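coords please:
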Amino acid sequence: MSKPKVFVTRKILDRGMEMIQQFCDADIWLDDLPPSRQVLSERVRGKEGLLSLLTDNIDAGVMDAAGKNLKVISNHAVGYDNIDIAAATRRRIPVGNTPGILTDATADFAFTLLLSSARRITEADHFVRSGLWKTWGPTLMLGADISGATLGIIGFGRIGQAVAKRAEGFNMQVLFYDPNLNELVPGVNAHPVNLDILLHQSDFISIHTPLTVQTRHLINKAAFDKMKPNAILVNTARGAVIDPSALYTALKNKRIQAAALDVTESEPIPLDSPLLELENLILCPHIASASNSTRARMSIMAAENLIAGLKGEKLPNCVNSEIYD
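Numbering: from 1, shown residues only. The predicted structure follows:
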């Protein structure tokens, strides 16, 4: 009996890859860079399954290029804004994602960025390596206090709540804004507020909201104008939640103290971006979930979603489960 044909847009970690290759006839894109739209449309043609990454734009055109045999799309990510879910649902194609598995790794990294930005770790490292460290001084590399500060969390799902729990160890006051949640969460010491109050009162702001029409450029000039001048902004969610032009102006003019980003609106960030000129900004290449165990478990979950869809079974983690009604 022949194996179902699938296209995998990038090599994933070994355990998930082994599961896919054992069950499927897998066409795997081995380049480090994602396939172009033309290549993606060609390689997906006639396939029954597609395993995509967040760097792949899976829209109606790609689904139509695959043809009527496409049974499942498995996204190797928690977010799925790279996939046209409505188009998949109209075609009754289940779309899988990998929720929950990267909660702790991402929360850890968000707090890493918060601490590093507050205490100017990357600036200090550059200062030493550049030979600028001549002596100790009482005003050298002064940073922000974390203990007792107010942390505002935008988006209070699994990751936002995990960040709040980590903040308890630093005796931080935690506020959160989430339009889908306006009440206290049992076991989490955090208080719901509206966005304006969060922006006005927070010393640190950490973003954990998905990218939607409503959240695109949610943090814009008007939002920066409401922040404290000593505020530090952290984003490990999606880059387009922040307006990069407004961020540059706020950091350049010291409207806020600093920012730390694991994600940017364009990824990778263009090398001519003015954001790269700023010393009060930490930039990382979308690595919040990049721990060995987390990525390994993500690969397994993505493989399980793919294989379930090929078998005609309900996906363990499906973002458009209404297709099963």
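
residues contacting Leu184?
Contacts for Leu184 (CB atoms under 8 Å, 6 or more residues apart in numbering) come out as 190-192. Yep, even glycine has a C-beta here, placed from its N, CA and C like the rest.

give me the buried positions along the helix or strand encompassing Glu304.
With secondary structure defined by DSSP states H and E, Glu304 is part of helix 292-311. Buried positions in helix 292-311, judged by neighbour count with 16 or more other CB atoms under 10 Å: 294-310.

if we can go back for a sec, now the buried members of the contacts of Leu184.
190, 192.

may I have the helix holding Glu304 as CSV, with CA atoms only?
Extracted C-alpha coordinates of helix 292-311, given in CSV (Å, rounded to 0.1, in the frame of the first residue of the first chain):
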residue,chain,number,x,y,z
ASN,A,292,16.0,21.5,22.7
SER,A,293,13.1,19.8,24.6
THR,A,294,10.5,22.4,23.5
ARG,A,295,11.3,22.2,19.8
ALA,A,296,11.5,18.4,19.9
ARG,A,297,8.0,18.2,21.4
MET,A,298,6.7,20.7,18.9
SER,A,299,8.0,18.5,16.1
ILE,A,300,6.1,15.5,17.6
MET,A,301,2.9,17.5,18.0
ALA,A,302,3.1,18.8,14.4
ALA,A,303,3.7,15.2,13.1
GLU,A,304,0.8,13.9,15.2
ASN,A,305,-1.5,16.5,13.7
LEU,A,306,-0.3,15.8,10.2
ILE,A,307,-0.7,12.0,10.5
ALA,A,308,-4.1,12.2,12.2
GLY,A,309,-5.4,14.3,9.3
LEU,A,310,-4.1,11.9,6.7
LYS,A,311,-5.8,9.1,8.5
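
follow-up on the earlier one: of all the contacts of Leu184, which comes closest to Lys221?
The shortest gap between Lys221 and any of the contacts of Leu184 belongs to Pro192, at 25.3 Å (CB to CB).

so what does Arg15 have for phi and psi?
Taking degrees, to the nearest 10, you get phi -60, psi -50 for the backbone angles of Arg15.

that one: neighbour count?
Counted by other CB atoms under 10 Å, the residues lying close to Arg15 total 13.

so how far is Val193 from it?
Going from Arg15 to Val193 by CB to CB, to the nearest Å gives 42 Å.

just Arg90 next, same as before
Distance, Arg90 to Val193, by CB to CB: 38 Å.

tell me which of the two has more neighbours.
Using other CB under 10 Å, the more surrounded residue of Arg90 and Val193 is Val193, with 17 against 13.

what about Ile269, helix or strand, and which?
Under DSSP H and E, no helix or strand contains Ile269.

just Ala250 next, same as before
Going by DSSP H and E, Ala250 is in helix 244-252.

now that helix: mean pLDDT?
Averaged over helix 244-252, pLDDT sits at 98.

how about the strands in the protein?
All strands of the chain, identified by DSSP state E, fall at 5-8, 25-28, 49-52, 72-75, 95-96, 150-154, 173-177, 191-192, 204-207, 232-235, 258-261, 281-283.
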